[in-house]
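Trainee: have a look at this fold, sequence not included:
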Ligand SMILES: CSC[C@@H](O)[C@@H](O)C(=O)COP(=O)(O)O
């Protein structure tokens with residue numbers, strides 16, 4: 001049985017707190033939109049599909065308790081709450097696309113005079129609940145298509161070795177996973193020899209979450225630090241790299257967890273196929289290229305600390321605060337006494353480095369994404 005990161009029944013939502021994994025397994029109650037925003041922003045739940053689903057389910061939970069009988073007021077409140085949820089993290093597009101779909105639904109239910117307020121609520125909540133089921137079905141299809149493509153492109157019928165980055169499994173989706181779904185499917189095909197997963201500094205999704213999922217699924221695997229990737233490709237035959245996506249632009253440029261871009265460069269150099277596994281809800285056809293993707297920057301504490309322990313050089317801020325008091329920040333900026341940190345959470349891999357984008361509709365060359373609509 002795969003890990004259950006989202007526990008939902010009508011009116012009730014609990015999420016597995018991913019900040020505590022793998023040391024503690026604790027579920028957090030999400031009572032409504034305010035809680036939904038917080039668990040997404042604090043990364044207690046993370047991964048593009050899971051962010052969208054938990055955000056929308058938090059609204060479903062809130063609506064279930066709401067006795068509003070004015071459809072216009074309901075419509076207006078829904079739009080405001082969805083826009084608020086989208087603001088919790090900016091890079092993943094899935095929650096934005098889900099919000100747009102739900103705002104359209106609310107508009108049409110509100111405008112339709114034959115729909116009662118009770119029906120409005122029922123149909124709206126049911127649509128959100130449908131997302132949970134659809135995400136798992138889509139992931140399974142991604143797994144099948146990805147497995148087929150990798151086996152077809154690999155030499156003979158020998159063992160397959162995969163490198164993945166970040167966490168794209170049950171914890172990042174409604175279940176099964178995207179890139180990790182491809183790995184699961186390869187495991188089922190009995191051709192998978194080994195999986196290498198990167199630590200994924202600074203939040204360590206690889207070490208804390210992917211390693212946890214791989215062990216849970218009994219998949220033979222090895223954890224490497226991020227800087228080992230090129231050496232790994234140079235010394236062991238890697239069949240393919242498979243990663244997830246937070247937003248794919250219309251030209252195939254792909255935003256994913258920081259570090260993905262340098263893995264794609266190393267893969268190109270070593271002739272290793274590089275696949276992105278992502279549901280259609282991660283594809284943003286409104287953006288012509290990756291240059292326009294907004295990259296989230298996270299707090300520097302994620303880099304400077306592991307848990308409560310500071311691992312980065314402390315700088316001289318304490319001493320300075322005694323000397324300069326309220327002028328500390330300006331002083332720090334001018335004299336650079338404390339170490340500066342830059343912590344972008346994602347990077348954009350250019351389409352030219354991507355072999356294929358694995359979706360629930362099949363595998364597409366990055367410059368052929370417009371063909372998906374006709375499938
Ligand atoms: C199926 S998850 C795909 C991506 O969302 C994943 O690779 C990733 O970058 C997650 O980033 P995170 O910052 O942990 O939310």
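Mentor: Perfect, I can see it now. Source: prediction; values computed, not measured. Numbers count the residues shown, from 1 in each chain.

Trainee: from here on, just use CA atoms for contacts and neighbour counts.
Mentor: OK.

Trainee: just the element for residue 163, please.
Mentor: Element membership for residue 163 (DSSP states H and E) is strand 160-164.

Trainee: that strand: partners in the sheet, and parallel or antiparallel?
Mentor: Note on strand 160-164: by DSSP bridges, its sheet partners are strand 192-198 (parallel), strand 240-243 (parallel).

Trainee: what residues does the longest one touch?
Mentor: For strand 192-198, the surrounding residues in contact (CA atoms under 8 Å, 6 or more residues apart in numbering) are 159-166, 183, 186, 206-207, 210-211, 219-226, 229.

Trainee: please, a PyMOL command that selects the buried ones among those?
Mentor: Of those, the buried ones can be selected in PyMOL as follows, counting by 16 or more other CA atoms under 10 Å:
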select buried, resi 160+161+162+163+164+165+166+183+186+206+207+210+211+219+221+223+224+226+229
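
Trainee: out of the strands paired with strand 160-164, which comes closest to the ligand?
Mentor: The ligand sits nearest to strand 240-243 of all these, at 6.2 Å, using CA to the nearest ligand atom.

Trainee: state the mean pLDDT of the closest one.
Mentor: In this model, strand 240-243 has a mean pLDDT of 98.

Trainee: distance between it and the chain's centre?
Mentor: 15 Å (CA atoms, centre = their mean, to the nearest Å).

Trainee: and the end-to-end length of stretch 185-198?
Mentor: 20 Å (CA to CA, to the nearest Å).

Trainee: gap between residue 92 and the ligand?
Mentor: 7 Å (CA to the nearest ligand atom, to the nearest Å).

Trainee: no no, residue 235
Mentor: 25 Å.

Trainee: next one: that residue from residue 183, what distance?
Mentor: 21 Å.

Trainee: ok, residue 89 next?
Mentor: 27 Å.

Trainee: kindly report the same for residue 346.
Mentor: Relative to residue 183, residue 346 is positioned 22 Å away (criterion: CA to CA).

Trainee: close enough to count as contact, residue 220 and residue 213?
Mentor: No. Between residue 220 and residue 213 there is no contact under CA atoms under 8 Å: 11.3 Å.

Trainee: the protein - how does it break down into domains?
Mentor: As given by automatic domain parsing, the domain ranges for the chain are 6-136, 143-288+345-374, 305-335.

Trainee: now residue 287, nearest residue through space, not along the chain?
Mentor: Leaving aside its chain neighbours, residue 287 sits nearest to residue 249 (5.3 Å; criterion: CA to CA, 6 or more residues apart in numbering).

Trainee: and residue 140, that one's in a helix?
Mentor: Yes. Counting by DSSP: H, G, I helix; E, B strand; the rest coil, residue 140 falls inside a helix.

Trainee: that one reaches residue 181, doesn't it?
Mentor: Yes. Between residue 140 and residue 181 a contact is recorded at 6.6 Å, counting by CA under 8 Å.

Trainee: of the two, who's got more company?
Mentor: The neighbour count for residue 140 versus residue 181, taken as other CA atoms under 10 Å, is higher for residue 181 (26 against 21).

Trainee: which SS class is the more buried one?
Mentor: Using three-state DSSP, the structure places residue 181 in helix.

Trainee: what about the closest residue to it other than its chain neighbours, how many neighbours?
Mentor: Excluding its sequence neighbours, the residue lying closest to residue 181 (CA to CA, 6+ apart) is residue 143, at 4.7 Å. If you count neighbours by other CA under 10 Å, residue 143 ends up with 26.

Trainee: cool, thanks, signing off.
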